[in-house]
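Colleague: I would like the atomic coordinates for the input below:
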Amino acid sequence: MSVESLRFLTPEQTRTLASEYGTPVYVVSEDLLRQRAEETLSFPAPFGLTVRYAMKANPNRALLKIFAGMGLQIDASSGHEVQRAMEAGIPAGHLSLSAQELPENLAELLDLGIEINATSLNQIRLIGEARPGRTIGLRFNPGLGSGGTNRTNVGGPGSSFGIWNEYTAEAQELLDTYNLSCIRIHTHIGSGSDPDVWMRAAGLSLDLVRKFPNVTTLDLGGGYKVARMAAESSTDLQTVGKPVADALRAFAAETGREIHLEIEPGTYLVANAVSLISRIQDKVDTGSDGYTFYRLDTGMTDVLRPSLYGAQHPLVVVGKESDPTETEEAILVGHCCESGDILTPAPGDPEALQPREVATGHIHDYVVIEGVGAYCSSMCTVGYNSFPPSPEVLVNTSGSAKLIRRKPSAQVLWANEVTD
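Modeller: As a prediction, this is how the structure comes out:
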């Protein structure tokens, strides 16, 4: 296995940013964000396309503004995300909400013009009671999933996301009861890059569209595989999009209905556009028959995916003075007092250790964790062992860096505790 290399930072930039902002610090490449956004906007769609950024991947307002400025709209997964997006300046009409839990201010959001997809029969009822007579979307579980693990698979009988595809009659009864009109069908199968799977997903989804004559939009969600590691393969949007476009054309020829397409990329847009600069704060071993461990000043408080899924991220050692030329196998661990705080688990198995060959690191050297743009700063264990959130820095298209999230003091973690 070869030693991994930096994705968009240089060793000099790494040292400069670490010196200026401290470690750990997330660094975002605006160039890569824009490149990925352009790719999604070219997804094949014969009757019109709306690209919605799945903001749960990384909700920083700087990213939301960049994508909004390029014409992307927003997919939100909670009422809190809706509020966050609106405070970042996203118009209500550019927001779509698909949530496991409907917000308490549901009626207010409906009045603002936010699109809402009901993800259960009960949610249809709640929307109908709040605002009868309006248009809504329905998220269905089409019975197909393609996630890499059970935890990333959001379609099929093992997933709670969406209305089960056999319950279309019950859904229609509720629509009739509350005089609701379904104008959008939403499905989402998980992470995958197989065009045959997307063709099947499009076919199953269009079968659902047939049952609701007022539907004008099909939302196929996201789930576009991104290669973080060198041995992995990324989804080619043109390849997976072609059978989808073909299916939409065939449906139009059969029914006369030209269906507008929506997609909701998250990981695809941001995963490889962010790196995390950390520091080796200690180095220990367990003898000649054991392991060498690099203890970093980051871990599951910034990057939870390895501990949660056995996910793999490139790890690049950057010496403080020069790039080390020697390599060694090491286990990289986080700073939490938690045995599961591991950055080098076996692929897909968070329980197993797998040493990684890296440039030989020393205490105070930096380690850049690549591919952390999605589900890292937004999905981590901030607050565990009372570690505060890490700062975020954007490297803009001119190459200059600016702070887009400050590092708060640890006191914010207990500021609202009541002791009297």
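Colleague: tell me the SS of the nearest residue to residue 259 once chain neighbours are set aside?
Modeller: In space, and not counting its chain neighbours, residue 259 is closest to residue 218: 5.0 Å by CB to CB, 6 or more residues apart in numbering. Where you see a C-beta, it was placed from the backbone N, CA and C, and this is true even at glycine. Of the three states, residue 218 takes strand under DSSP: H, G, I helix; E, B strand; the rest coil.
Colleague: partner residues bridging residue 218?
Modeller: Note on residue 218: beta-bridge partners by DSSP bridges are residue 185, residue 261.
Colleague: got a pLDDT number for the closest residue to residue 77 other than its chain neighbours?
Modeller: Distances taken as CB to CB, 6+ apart place residue 56 nearest to residue 77, at 4.7 Å, with adjacent residues excluded. Residue 56 carries a pLDDT value of 97.
Colleague: for residue 161, same thing?
Modeller: 84.
Colleague: next one: residue 114
Modeller: 97.
Colleague: Equivalent analysis for the one 3 residues further on, please.
Modeller: In the prediction, the pLDDT value recorded for residue 117 is 97.
Colleague: Work out for me the element it sits within.
Modeller: strand 115-118 (DSSP states H and E).
Colleague: where in the stretch 1-150 of the chain is pLDDT low?
Modeller: Residue ranges of the stretch 1-150 of the chain with pLDDT under 70: 1-2, 144-150.
Colleague: May I ask you to confirm that residue 317 belongs to a strand?
Modeller: Yes: Residue 317 forms part of a strand when assessed by three-state DSSP.
Colleague: Could you give the bridge partners of it?
Modeller: Applying DSSP bridges, one finds that residue 317 bridges with residue 367.
Colleague: you'd agree the residue nearest to residue 77 is in a strand?
Modeller: No: Residue 56 is assigned helix when assessed by three-state DSSP, not a strand.
Colleague: give me the number of residues near it?
Modeller: 17 (other CB atoms under 10 Å).
Colleague: repeat for residue 240
Modeller: For residue 240, the count of nearby residues is 25 (other CB under 10 Å).
Colleague: ranges for the helices of the stretch 301-420 of the chain?
Modeller: Remark: helices assigned in the stretch 301-420 of the chain by DSSP state H, counting those that start in this stretch are 305-309.
Colleague: List the residue ranges of it that fall below the pLDDT cut-off.
Modeller: Looking along the stretch 301-420 of the chain with the criterion set at pLDDT under 70, you get 321-324.
Colleague: packing partners for the strand holding residue 117?
Modeller: strand 95-98, helix 106-112, helix 121-130, strand 135-141, strand 181-186 (3 or more CB pairs under 8 Å, 6 or more residues apart in numbering; DSSP states H and E).
Colleague: What strands line up against it, and which way round?
Modeller: strand 95-98 (parallel), strand 135-141 (parallel).
Colleague: Okay, the residue nearest to the spatial centre of the chain and residue 264: tell me how far apart.
Modeller: Central residue of the chain (CA atoms, centre = their mean): residue 57, 2.8 Å from the mean position. Relative to residue 264, residue 57 is positioned 10 Å away (CB to CB, to the nearest Å).
Colleague: that older thread, roughly how far apart are the residue nearest to residue 77 and residue 311?
Modeller: Where residue 311 is concerned, residue 56 sits at a distance of 16 Å (CB to CB).
Colleague: With that, I have no additional questions.
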